[in-house]
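> kindly generate the corresponding structure for this input.
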Amino acid sequence: MKVIAVLNQKGGSGKTTIATHLARALQLAGADVLLVDSDPQGSARDWAAVREDHPLAVVGIDRPTIDRDLKQIARKDFVVIDGAPQAADLAVSAIKAADFVLIPVQPSPYDIWAAADLVDLVKQRIEVTDGRLQAAFVVSRAIKGTRIGSEVSEALAGYGLPVLESRITQRVSYPGTAAAGLTVMESEPDGDAAAEIYALANEIKHKLI
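Reported below is the predicted structural model:
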């Protein structure tokens, strides 16, 4: 069982969008997947509740016992954790549970600076686990054609964590599908948005092999 924690303590990073889409992409590729909503706001649970027949299992664990609680569940191929913003204890618990920490960051200086505390927590865990924990940034809500989008990777490199080649761009299709409890893979399976989500899922899977 591989646990992927999607974490950013700053709101508005596209964290829940990425977590729900990543979990569904892994499932559509044939994996047995559980999505864990650790945000007390319950956005991922709300997304799943829109559809009575939702194909993806979603549970809420919004207390700092995620690492212990996951040991009690039936084994899955993947568990994706939608992390809580502004909750260091929940972030620490998710990091402890994780094999891979994915940090979505918007291409803005404020968001890059705000990642510092989370990066420190992740690096501490990497050291404790002798490098078994993997972590990487993904540029989220990038706007095509803007120069800052191309410069963000260089800025993030200063943190000493890799930046994934995959990028998630700003698209109206993401919030549009969320309102119906869907993903872009279902609404536009051959579209650019679905392609970038599948690319992200494949890049992470490759790192976890």
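
> C-terminal to the helix or strand bottoming out on mean pLDDT in the chain, what's the next element?
In the chain, no helix or strand scores lower on mean pLDDT, DSSP states H and E than helix 147-156, which sits at a mean of 76. For helix 147-156, the following helix or strand on the C-terminal side (DSSP states H and E) is strand 163-169.

> just the residues contacting that next one, thanks.
Residues outside strand 163-169 that contact it (C-beta atoms under 8 Å, 6 or more residues apart in numbering): 14, 17-18, 102, 104, 136-144, 149, 152-153, 156-157, 192-193, 196-197, 199-200, 203-204. For glycine as for every other residue, the C-beta is placed from the backbone atoms N, C-alpha and C.

> now do stretch 123-137
Residues contacting stretch 123-137 (C-beta under 8 Å, 6+ apart): 95-96, 98-105, 115, 122, 156, 159-164, 207-208.

> now those residues: which count as buried?
For those, a burial check counting by 16 or more other C-beta atoms under 10 Å picks out 95-96, 98-105, 115, 122, 156, 159, 161, 163-164.

> now, which of these lie within strands?
Among the buried ones among the contacts of stretch 123-137, the ones falling in strands (DSSP state E) are F100, V101, L102, I103, P104, V105, V163, L164.

> which two of the residues you listed have the greatest separation?
F100 and V105 (15.9 Å; C-beta to C-beta).

> strands along this structure, start to end?
2-6, 33-37, 57-60, 78-82, 100-105, 134-142, 163-169.

> deepest in the core, which of those is it.
Most buried of the strands of the chain, by mean neighbour count (mean count of other C-beta atoms under 10 Å): strand 78-82, with a mean of 28.
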